[in-house]
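**Student:** here you go, sequence then predicted model.
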Amino acid sequence: LTFSDSNPDKCLLEVGNTNYSMTRSGTNCFKNMTGQNDNSYTYRVYINDTVGNTAIFSSRTITLDTANPNVTTLSTLYPAGQPSVKTGDKATIRVTAFDSLSGIRNVTAVLTICDEAATELVLIKQGSTNNYQENCTIKSGAASDTYSATIKGYDFANNLNSSFSVSIIVDNTKPTITIASPTNTVYNTFSIPFNVASNEDISIWKYSLNNAANVTFIPNITITGALGSNTLTVYANDTTGNIGNATITFIVDNTPANLLQFVSPTENDNLAFARNWYYINLTFNDTNPNNCILYNGTSNLSMTRVGTNCFINQTSQSEASYTYKVYVNDTTGNIAVSSSRIIILDTTAPTAQYASDSTPAATQSSTTILVNITMSDALSGNAGINMWIYNSSTNALIDSSSCGLTSFCAFTKNGLPQGTYFYNGSTQDNAGN
């Protein structure tokens with residue numbers, strides 16, 4: 001302390017209720033108070049001159065504080081009860097700090113992922129409480145991780161407590177969605193199980209079917225597809241608000257093939273042929289064809305399919321009448337069946353003979369010749385009988401006759417002149433034998 005006086009004597013330091021002598025040098029008094037405890041000290045100085053005059057200087061207070069402030073009750077608050085935050089979310093860092101002697105000057109959190117501060121976030125005192133808090137908006141580019149923020153509490157004596165930290169969990173990873181059903185296939189029903197799963201907890205599930213509005217749901221459910229191609233997109237919000245999605249395309253087809261038509265070289269219905277093979281060629285209309293089966297009356301035979309055309313060549317067949325039809329299956333099990341057709345394979349000639357009343361091979365007095373032929377064909381049936389009478393001397397045809405679709409045919413020729421004649425005939429079945 002310095003002062004002005006022409007007859008200075010001594011200076012006394014009063015601290016609380018105790019007086020301490022000070023060293024005086026001229027008009028300067030001083031004293032170093034060492035070994036003091038942490039406390040708040042109020043002091044003043046008395047100056048006495050040699051004639052008993054006393055001057056008193058105003059009081060001052062000094063606080064000696066060598067202890068670090070107290071920092072307790074550390075917490076991180078996430079929005080809407082989330083367990084973590086993502087880019088753009090605000091995490092609130094909350095700290096309780098106090099210093100009973102010199103008081104708290106400021107509290108900071110050392111963190112590099114906040115938009116609000118580059119490296120150190122200053123926490124704001126909450127009214128008259130000992131609580132300090134501030135929001136940390138997660139900056140773009142922050143990786144998914146658990147970040148530790150060191151809390152620094154300073155008192156007014158510049159003591160620092162930095163022995164505590166809080167954690168901020170950043171989760172910018174979208175959930176991975178698995179669609180177990182439907183799959184990328186064809187269904188023959190409109191009602192389809194809708195089963196999904198995720199690699200983490202999901203707070204909100206939504207889906208859009210064929211670009212319709214999003215529908216919130218709780219797995220697993222049943223959805224109703226549309227006839228034809230369907231596109232299903234699933235969205236999943238995890239508990240932090242990251243949104244993952246997955247898309248599947250499937251087809252609904254509950255309609256059998258249509259426009260089934262036998263085409264060349266398929267033979268027309270109910271015809272007979274003198275051969276041992278037949279060829280079936282069928283066209284149809286279907287968006288999801290699978291296979292074609294030929295039923296020949298006794299067995300099911302696989303046909304070759306190219307697109308919407310199925311065909312088969314049945315070779316080395318036995319003589320028989322074959323009634324056949326074709327089944328067309330699509331990939332969802334819808335079945336269409338063609339009309340039935342009959343084809344007869346007949347390589348055996350019909351049996352034929354002259355009837356007993358036919359004019360015999362001999363000399364006779366009659367001028368009439370009777371030709372009567374009977375025939376039979378058990379498989380393809382009788383197609384016709386032809387008969388001819390010739391002059392034996394000239395081999396000239398005298399007359400002829402024919403009958404169709406019959407088992408016998410009689411031909412009488414009257415008024416023949418005297419001479420020598422011969423006759424013959426032929427029979428044919430419906431296969432051309």
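**Tutor:** Ah, there it is.
**Student:** hmm, residue 431 is touching residue 273, no?
**Tutor:** Yes. If you go by Cβ atoms under 8 Å, residue 431 and residue 273 touch, sitting 5.6 Å apart. C-betas here are computed from N, CA, C, even on glycine.
**Student:** have a look at these two and say which one is more surrounded.
**Tutor:** residue 431 (23 against 17; other Cβ atoms under 10 Å).
**Student:** need the residues touching each of residue 431 and residue 273.
**Tutor:** 344-346 (Cβ atoms under 8 Å, 6 or more residues apart in numbering).
**Student:** can you redo those as TSV with pLDDT and secondary structure?
**Tutor:** Below are those laid out as TSV (pLDDT from 0 to 100; DSSP: H, G, I helix; E, B strand; the rest coil):
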residue	pLDDT	secondary structure
344	97	strand
345	97	strand
346	97	coil
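**Student:** show me just the buried residues among those residues.
**Tutor:** Neighbour counting over the shared contacts of residue 431 and residue 273 (16 or more other Cβ atoms under 10 Å) leaves 344-346 as the buried ones.
**Student:** which ones are touching the residue lying farthest from the centre of the chain?
**Tutor:** Of all residues in the chain, residue 51 has its C-alpha farthest from the mean position, at 105.4 Å, by Cα atoms, centre = their mean. Contact analysis of residue 51 by Cβ under 8 Å, 6+ apart lists residue 7.
**Student:** just the mean pLDDT for stretch 53-68, thanks.
**Tutor:** For stretch 53-68, mean pLDDT rounds to 95.
**Student:** kindly check the end-to-end length of that stretch for me.
**Tutor:** Across its full length, stretch 53-68 reaches 45 Å between end residues, using Cα to Cα, to the nearest Å.
**Student:** same question for stretch 109-127.
**Tutor:** By Cα to Cα, the extent of stretch 109-127 from end to end equals 19 Å.
**Student:** okay, buried residues for that stretch please.
**Tutor:** 109, 111, 113-114, 117, 121, 123.
**Student:** quick one on the thing from earlier: with distance to residue 190 added, can I get the shared contacts of residue 431 and residue 273 in CSV?
**Tutor:** Shown next, in CSV, are those (distance: Cβ to Cβ, whole Å):
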residue, distance to residue 190
344, 45
345, 46
346, 50
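**Student:** Three-state assignment for residue 80, please.
**Tutor:** helix (DSSP: H, G, I helix; E, B strand; the rest coil).
**Student:** how about the contacts made by it?
**Tutor:** Here residue 80 is in contact with no residue (Cβ under 8 Å, 6+ apart).
**Student:** same check, this time on the one 10 residues further on
**Tutor:** By Cβ under 8 Å, 6+ apart, the residues touching residue 90 are 79, 135-138.
**Student:** can you tell me how far the residue nearest to residue 103 when sequence neighbours are not counted is from residue 102?
**Tutor:** Counting by Cβ to Cβ, 6 or more residues apart in numbering, residue 103 lies nearest to residue 156, which is 5.2 Å off, once chain neighbours are set aside. Counting by Cβ to Cβ, to the nearest Å, the separation of residue 156 from residue 102 is 4 Å.
**Student:** quickly list what's touching both of the two.
**Tutor:** 63, 65.
**Student:** who's more crowded, those two?
**Tutor:** residue 102 (20 against 15).
**Student:** residue contacts, that one?
**Tutor:** 63, 65, 155-157, 159.
**Student:** per-residue confidence for the residue nearest the centre of the chain?
**Tutor:** In the chain, the centroid-proximal residue (Cα atoms, centre = their mean) is residue 248; its distance is 3.0 Å. What the model reports for residue 248 is a pLDDT of 98.
**Student:** surely it meets residue 183?
**Tutor:** Yes. Using Cβ under 8 Å, residue 248 makes contact with residue 183 at a distance of 6.9 Å.
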